[in-house]
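1. Show me how the following folds:
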Amino acid sequence: MSQIINQNDEEIYFEKNAILSKSVLWELQKKAYCQFGPAAWQAKNVPFYLTSNPLIARHYAQIVVGFFRDCLALRQSFSIDLKQPFYILDLGAGTGRFAYLFLNELFEMLANLKMPFRICYVMTDIVEANIEFWKKHDYFQAFLKEGFLDFAYYDHTDRKNGLDLVYSGVKLTADVLRNPLLVIANYFFDTIPHDIFCVKGHVLYEGRISLSYKKTKESKILSTTDPSIIPHIIHHVEYFPVESIEAFDIEDPEYSKILKSYAQEYENIPYFLFPVGAFQVIRYLRGLSNDRLLFLTGDQGITSDKQLLEDIPFFAKHDSFSMSVNYHAIEAYFKQSKGFCLLTSSSDHKMVHMAAVSCLGKNEVPELREAFRLTLDTFEPQDYFKIVETAFNGWKDSNLEFMIKLIKLGVWDPINFNLFFSRIREKLASASEKEREELITAIHQCWKKFFPVHKDEGAFVVNLGVLLYDMKQYDEAIQYFQYALKLGYEEPLVFKNIFLAYQAKKDPETARIWYEKGLALHFKNINQSDSYE
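-> The predicted structure follows:
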């Protein structure tokens, strides 16, 4: 990390005129994720919902199944070996919530369709703590036992030959991969290096970034090597004319073609990001897969000429940071490498989804294209999120049936079920028998989609039990309260709920046991919890 090079009354600078992809930002990013571990998505405000919900898991599974159908049709010409596994890499798998939801959807579809595919899903991350978290997670053990799941450390800057799988001991190389490689990279491209350019009068300019922060009570005690500085960072960009666009061909000859096209086709572009990190990852995986590659991604980003010319913010800070992905350039990259790229047609730059294939034309994968059209390009997870947000904020008196249908629309999304919990409970007193039956079904379906990341999420499971208790389903309520305890959510209130449920079942002896357990826990935690009574 460079030393402070400038200081004035307003800002303290710690980097000046750096090429964006070489900036210290990326080292701070890596340190942040390594420090956070699984807490990144629980306590550190790193976005996850739009790419880790049941709806997107189902959409992706349908697209993958569509690609598998195309592979069967191309079995001879595309050298498909059904005796060998299809590997699916999940880049930056994070909490593992998406992986769990996706695997359940995919295997159910493959079983129903009687499709003869061997699958090995490989969750990867740069954070060792995340990999350790997956290893120990109860929900992954069945997949591991069957050989359907494995883990690997993956750093996008690492160009070594192959990935070392933790459980099987297999080293994934071009020689090992006998079938096309499928890659899922959600919220991944927006967290790895970009460069920045602009066009003025058909001339290309390269951006150089300077980083500073204002001295505040919080920031003055932080080192510029500490990722805690990220929320305080102020960025400035200055542009310099590019003397030779060909100089960018050091890593890939396609780079200059894309950059030249921007300078030739557009007189002025306020700025555009160039996703060099994404290109490096794609190029590496093309080599690993013998150039037989399906890429599925979701990021904030731009896709159209119109968005390219707009001044859309590109730098988003949370406890880490992310940058808008130029899918307009990635589409051009796949076209130039004799592949193709499908992008969602929505104009919302806050989330873009892509399905891209190398070395195949659109006409060769009709099933994939149709699955993409009917899923991500018809009803995206952010569409569902906006409907839920509008319903929650705008329709205060929505009826029980409507709320259940809304949750069902999101493929029984547990997060949104919990969002509506209080309103659902309010409506129970006047609910019809049919509505109660639908609610019981919804509870069980949401439980199937639930993937715990932190023990405090046991509060959601307790809420499911409370609703069942209110509907006099005491045995099932007790079951859910005990599920919460197994997750580590040992709160006095849980023991009290079990006590009340056994009382309602007219089993005073068992009720007394649970009351005493809760009371003992209450006194143990008396300085940290509310009154037990």
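
2. Tell me how this structure divides into domains.
-> Domain ranges of the chain: 6-20+194-272, 49-191+280-377, 383-524, per automatic domain parsing.

3. now those in a markdown table, with mean pLDDT?
-> Output for those, formatted as a markdown table (pLDDT from 0 to 100):
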| stretch | mean pLDDT |
| --- | --- |
| domain 6-20+194-272 | 87 |
| domain 49-191+280-377 | 93 |
| domain 383-524 | 93 |
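
4. Just say which of those domains is most tucked in.
-> The highest average neighbour count among the domains of the chain, using mean count of other Cβ atoms under 10 Å, belongs to domain 49-191+280-377 at a mean of 19. C-beta coordinates here come from the backbone N, C-alpha and C atoms, glycine included.

5. what's the first-to-last distance across it?
-> For domain 49-191+280-377, the first-to-last residue distance is 18 Å (Cα to Cα, to the nearest Å).

6. just to revisit the earlier point, so can I have a markdown table of the domains of the chain showing distance to Gln35?
-> A markdown table is the format used below for those (distance: least, Cβ to Cβ, whole Å):
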| stretch | distance to Gln35 |
| --- | --- |
| domain 6-20+194-272 | 6 |
| domain 49-191+280-377 | 9 |
| domain 383-524 | 17 |
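
7. List just the one of these that sits closest to Gly37.
-> Among the domains of the chain, domain 49-191+280-377 comes nearest to Gly37, with 3.4 Å by Cβ to Cβ.

8. now the helices for the stretch 201-350 of the chain?
-> 254-265, 276-288, 305-309, 327-336 (DSSP state H, counting those that start in this stretch).

9. Give me the contacts around the first one.
-> What it means is helix 254-265. 197, 199, 202-204, 242, 245-246, 248-249, 269, 272, 274, 276, 279, 329, 332-333, 336-337 (Cβ atoms under 8 Å, 6 or more residues apart in numbering).

10. Counting only strands, which of these make the cut?
-> Mapping the contacts of helix 254-265 onto strands (DSSP state E) picks out 197, 199, 203-204, 269, 272, 274.

11. Spatially, which two of these are the most separated?
-> So, the ones in strands among the contacts of helix 254-265 by Cβ to Cβ: farthest apart are Val203 and Phe274, at 15.9 Å.

12. report the longest helix in this structure, please.
-> For the chain, the longest helix by residue count, based on DSSP state H, is helix 54-73.

13. packing partners for the helix or strand following that one?
-> Downstream of helix 54-73, the first helix or strand assigned by DSSP states H and E is strand 86-90. Packed against strand 86-90 by the contact rule (3 or more Cβ pairs under 8 Å, 6 or more residues apart in numbering; DSSP states H and E) you find strand 119-125, strand 181-186.

14. Same list (those strands) but as TSV, adding distance to Asp319.
-> Formatted as TSV, those follow (distance: least, Cβ to Cβ, whole Å):
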stretch	distance to Asp319
strand 119-125	17
strand 181-186	19
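
15. Phi, psi for Leu172 please.
-> Leu172 adopts backbone torsions of phi -70, psi 120, taken as degrees, to the nearest 10.

16. which one of the ones in strands among the contacts of helix 254-265 sits closest to Glu364?
-> The nearest one, if we look at the ones in strands among the contacts of helix 254-265 relative to Glu364 and count by Cβ to Cβ, is Phe274, at 29.2 Å.

17. So the residue found closest to Leu468 once you drop the neighbours it is linked to in the chain: helix, strand or coil?
-> The shortest distance from Leu468 to any non-neighbouring residue, by Cβ to Cβ, 6 or more residues apart in numbering, is to Ala477 (3.9 Å). On the three-state scheme (DSSP: H, G, I helix; E, B strand; the rest coil), Ala477 is labelled helix.

18. Ala477 and Val461 touch, don't they?
-> No: contact criterion Cβ atoms under 8 Å: Ala477 and Val461 do not qualify, at 10.9 Å.

19. Figure out which of the domains of the chain is closest to Ala39.
-> Closest to Ala39 of the domains of the chain is domain 383-524 (Cβ to Cβ; 7.8 Å).

20. So which of the helices of the stretch 201-350 of the chain is nearest Leu20?
-> Here helix 276-288 is closest among the helices of the stretch 201-350 of the chain (Cβ to Cβ), at 8.8 Å.

21. related to what we said a few turns ago, make a markdown table from the helices of the stretch 201-350 of the chain and add distance to Tyr33 to it.
-> A markdown table is the format used below for those (distance: least, Cβ to Cβ, whole Å):
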| stretch | distance to Tyr33 |
| --- | --- |
| helix 254-265 | 27 |
| helix 276-288 | 14 |
| helix 305-309 | 28 |
| helix 327-336 | 23 |
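
22. Of these, which is nearest Lys350?
-> helix 305-309 (11.5 Å).

23. Off-centre distance for that closest one?
-> Relative to its parent chain, helix 305-309 has a centroid offset of 26 Å by Cα atoms, centre = their mean, to the nearest Å.

24. just stretch 182-194 next, same as before
-> For stretch 182-194, the distance from its own C-alpha centre to the chain's C-alpha centre is 10 Å (Cα atoms, centre = their mean).

25. same check, this time on stretch 355-371
-> Put simply, stretch 355-371 sits 23 Å off its chain's centre (Cα atoms, centre = their mean).

26. just stretch 383-400 next, same as before
-> Taking mean C-alpha positions (Cα atoms, centre = their mean), stretch 383-400 and its chain are 23 Å apart.

27. Use 33 as the first number for this chain going forward.
-> With 33 as the first residue, the last one maps to stretch 415-432.

28. Only alpha carbons, please: show that stretch as CSV.
-> C-alpha atoms of stretch 415-432 as CSV (Å, rounded to 0.1, in the frame of the first residue of the first chain):
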residue,chain,number,x,y,z
ASP,A,415,-39.4,-8.1,-10.6
TYR,A,416,-40.7,-10.3,-7.8
PHE,A,417,-38.8,-8.3,-5.2
LYS,A,418,-40.4,-5.0,-6.4
ILE,A,419,-43.9,-6.6,-6.2
VAL,A,420,-43.2,-7.8,-2.7
GLU,A,421,-41.9,-4.4,-1.7
THR,A,422,-44.9,-2.6,-3.1
ALA,A,423,-47.3,-5.1,-1.4
PHE,A,424,-45.6,-4.7,1.9
ASN,A,425,-45.3,-0.9,1.8
GLY,A,426,-48.4,0.0,0.0
TRP,A,427,-51.1,-2.6,0.8
LYS,A,428,-51.3,-2.5,4.6
ASP,A,429,-54.6,-4.5,4.7
SER,A,430,-53.8,-7.2,2.2
ASN,A,431,-55.7,-10.4,3.0
LEU,A,432,-54.2,-13.7,4.0
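
29. List of residues touching that stretch?
-> So stretch 415-432 is contacted by 81-82, 85, 87, 378, 434-435, 438, 441-442, 445, 448, 451-452, 455-456, 459-460, 463, 467, 471 (Cβ under 8 Å, 6+ apart).
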